[in-house]
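Student: have a look; sequence and predicted model below, questions after that.
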Amino acid sequence: MSESRVSAAGVLYAIGAYGAWGVSPLYWKLLSDLPALEILAFRVLWGMVLLFLLLRWRGRVGELVRSFQSGRLLRIFALSAFLIGINWYLYLYAVLQGHILQASLGYFINPLFNVLLGMLFLHERLRPAQWLAVGLAAVAVAQLAAQAGTFPWISLTLVLTFGIYGLVRKTAPADALLGMNLETAFLVPVAGSYVCLLAARGEARFVEADTSLLVLVAFTGVMTALPLLWFSNAARRLPLSTLGFFQYIAPTGQFLLAVFHYHEPFSALQLRSFVLIWIALAIFSFEAHRHHRRIRRLRMAARSPL
């Protein structure tokens with residue numbers, strides 16, 4: 001397969017993955033008759049089923065079994081499972097409670113927060129344009145926090161959990177599919193116990209659900225695994241610098257749904273804060289693109305015999 005066809009396929013996979021995450025509130029809203037924690041439990045259970053089937057289809061079950069023999073790997077994925085579990089729950093809570101704007105703000109900020117994490121924990125140096133972008137994002141968050149009653153705690157918690165989750169995953173020698181299988185393996189006992197407890201107490205909403213809702217609940221596995229598989233395929237076909245440009249599709253889709261479809265309250269102050277975030281991301285993305293091109297030219301020059 002030619003490089004151009006590989007890149008074209010990578011672009012389609014990236015758009016599919018981030019596009020699915022961007023419109024996911026439409027799906028999660030269909031489950032609004034169930035509490036967020038109950039939805040999360042079924043997302044874990046059905047996600048584990050589908051993720052394991054995908055792993056088996058690729059002939060990689062042996063890798064999963066061997067992973068359970070590594071104490072270091074298990075500690076890493078126990079922590080990442082805890083972080084992604086909180087992140088998933090909070091995102092579901094935000095969607096079901098009408099705080100999609102806050103969720104989108106969190107995922108807009110996430111790339112900038114990752115830069116800070118890289119500086120603090122990976123000893124990466126921030127370039128001037130990156131400092132400017134991070135500073136603008138901080139002003140935007142402070143501006144929102146200054147407005148009484150609208151402290152963006154959902155946004156900041158999503159940023160913290162997902163950012164630290166990404167940092168933890170960087171230390172694990174496992175790709176997205178194997179990693180998610182390990183994470184859901186840690187979450188399944190908790191999710192299964194919770195569902196059994198609800199059923200024993202007669203508090204399980206899914207017991208009273210009609211067939212259409214039960215089908216939607218089972219589809220949570222697809223909503224978990226399919227975008228992840230697309231993202232994994234995109235990551236194998238595209239440079240990280242290119243893949244990074246697609247990450248804004250998801251929060252943009254969430255933002256548009258929140259404002260124009262669900263008509264969440266959107267004040268002038270919120271608009272100013274989002275504009276600051278968008279300017280920060282434009283600076284960040286443009287600088288990252290220039291830096292990547294400069295590094296590539298230097299590498300090509302170093303390989304040149306002249």
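Tutor: Ah, there it is. Numbering: from 1, shown residues only.

Student: what about stretch 272-292, distance to the chain center?
Tutor: Its chain's C-alpha centre and that of stretch 272-292 lie 19 Å apart, by CA atoms, centre = their mean, to the nearest Å.

Student: where does the stretch 151-300 of the chain dip in pLDDT?
Tutor: The stretch 151-300 of the chain contains residues with pLDDT under 70 at 240-241, 298-300.

Student: next, Thr184: secondary structure please.
Tutor: Local secondary structure at Thr184 is given as helix here, using DSSP: H, G, I helix; E, B strand; the rest coil.

Student: my read: it touches Leu51, true?
Tutor: Yes - contact criterion CB atoms under 8 Å: Thr184 and Leu51 qualify, at 6.0 Å. All C-beta atoms are positioned from the backbone trio N, CA, C, and that covers glycine.

Student: excluding residues flanking it in the chain, which one is nearest Val259?
Tutor: Closest residue in space to Val259, ignoring its immediate chain neighbours: Phe266 at 5.3 Å, by CB to CB, 6 or more residues apart in numbering.

Student: distance of that neighbour relative to Ala145?
Tutor: According to CB to CB, to the nearest Å, Phe266 stands 17 Å off from Ala145.

Student: sorry, back to before: I'd say the residue nearest to Val259 and Leu101 touch.
Tutor: Yes - contact between Phe266 and Leu101 holds when scored by CB under 8 Å: they sit 6.7 Å apart.

Student: between these two, which one's more packed in?
Tutor: More crowded of Phe266 and Leu101, by other CB atoms under 10 Å: Leu101, with 23 against 14.

Student: name the helix or strand for the more buried one, please.
Tutor: Counting by DSSP states H and E, the element that carries Leu101 is helix 100-121.

Student: please name every helix or strand in contact with that helix.
Tutor: With contacts defined as 3 or more CB pairs under 8 Å, 6 or more residues apart in numbering; DSSP states H and E, the packing partners of helix 100-121 are helix 71-96, helix 128-146, helix 153-170, helix 249-256, helix 268-303.

Student: quick one on the thing from earlier: so what does the residue nearest to Val259 look like in phi/psi?
Tutor: Phi and psi for Phe266, reported as degrees, to the nearest 10, are phi -140, psi 100.

Student: roughly how far does it sit from Leu281?
Tutor: Distance, Phe266 to Leu281, using CB to CB: 19 Å.

Student: kindly report the same for Trp57.
Tutor: Between Trp57 and Leu281 the distance is 37 Å, computed by CB to CB.
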